[in-house]
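>>> Fold the following for me, if possible:
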Amino acid sequence: MSVVTSVAPSDCACRLVVRKDKAPGEVLQFVISGLEIGQQVVVVAGPTCLKELASHLTENGLRPEILLRNSRLIFLTAPECLSQLSDPEKILLRGPFRRAVSVMRWVTDWSWAYSNGTHPGTIFEHQRRIHDFARSLGALSLCTVHCDKVERSSLLAILADHRRASKSQHAPAEIPLLAKSAAAAGRARYKVPN
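Here you go, the predicted structure:
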């Protein structure tokens, strides 16, 4: 069950799901829906969350090992992968984002950050970087966090930080240019947002 689902859909928004229980629920539905219609799905999470998601996908009749092998599903392990996202050109050149897809789905689980005492400013900066990167690819985006014993004030802080991070730090004209320049260089084949 989600405690908070927020941030109205828009060009610069990402849906946030705060879960009381560990079951992925809405996250699993978001991932499976994308895979069923042929979208590439990227999941950024801690190792435990990625294993649990793979297990849930298997329980739902999907074969995550095959999806991972053919890059329809991409698992990026946090926090190690976050430094790669600061250089979009590098990850687009050498990364797994090579499929010609019209829309990607991007999921980020922040449970690892909120449970290990990461400084809130650092979490915000990571969120901003990931939102900017996912937006440059024209991705549908969903963030989630498992917070079983979070106080109301902490929950409101998570929501406020997510709202701020999901707003673009780039000028609106720069975002399509990032994707266009990568596509022109032959490093990615994505539909550029209008």
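
>>> Quick one: end-to-end length of stretch 51-65, please.
Stretch 51-65 stretches 11 Å from its first residue to its last (Cα to Cα, to the nearest Å).

>>> An error on my part: the question was meant for stretch 15-26.
Start-to-end span of stretch 15-26 (Cα to Cα) is 11 Å.

>>> Then stretch 34-42?
Length of stretch 34-42, first residue to last, Cα to Cα: 10 Å.

>>> quick one: least confident helix or strand in this structure?
Ranked by mean pLDDT, DSSP states H and E, the helix or strand of the chain with the weakest confidence is helix 174-184, at a mean of 36.

>>> Next, the buried residues of stretch 30-43.
Neighbour-count burial for stretch 30-43, counted by 16 or more other Cβ atoms under 10 Å, picks out 30-32, 34-35, 39-43. (C-beta placed from N, C-alpha, C; glycine too.)

>>> my bad, stretch 115-128
If you call a residue buried by 16+ other Cβ under 10 Å, then stretch 115-128 has these buried ones: 123-124, 126-128.

>>> Only alpha carbons, please: show it as CSV.
C-alpha atoms of stretch 115-128 as CSV (Å, rounded to 0.1, in the frame of the first residue of the first chain):
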residue,chain,number,x,y,z
SER,A,115,17.8,3.9,5.3
ASN,A,116,21.6,4.3,5.5
GLY,A,117,21.7,7.9,6.8
THR,A,118,22.7,9.6,3.5
HIS,A,119,22.7,13.4,4.0
PRO,A,120,19.4,14.9,2.6
GLY,A,121,21.4,17.3,0.4
THR,A,122,23.2,14.4,-1.2
ILE,A,123,20.0,12.5,-1.8
PHE,A,124,18.5,15.7,-3.4
GLU,A,125,21.5,16.1,-5.7
HIS,A,126,21.3,12.4,-6.7
GLN,A,127,17.6,12.8,-7.4
ARG,A,128,18.1,15.9,-9.5
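
>>> What helix or strand is residue 75 located in?
Take DSSP states H and E as the rule and residue 75 turns out to sit in strand 73-77.

>>> coming back round to it: mind putting the buried residues of stretch 115-128 in TSV, secondary structure, pLDDT and distance to residue 19 included?
Shown next, in TSV, are the buried residues of stretch 115-128 (DSSP: H, G, I helix; E, B strand; the rest coil; pLDDT from 0 to 100; distance: Cβ to Cβ, whole Å):
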residue	secondary structure	pLDDT	distance to residue 19
123	helix	87	17
124	helix	86	20
126	helix	88	19
127	helix	88	17
128	helix	87	22
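
>>> quick one: which of the residues you listed is nearest residue 166?
Sorting the buried residues of stretch 115-128 by distance to residue 166 puts residue 127 at the head of the list, at 7.6 Å, by Cβ to Cβ.

>>> ok, the buried residues of stretch 115-128 vs residue 143, which is closest?
Nearest to residue 143 among the buried residues of stretch 115-128, counting by Cβ to Cβ, is residue 127 at 7.3 Å.
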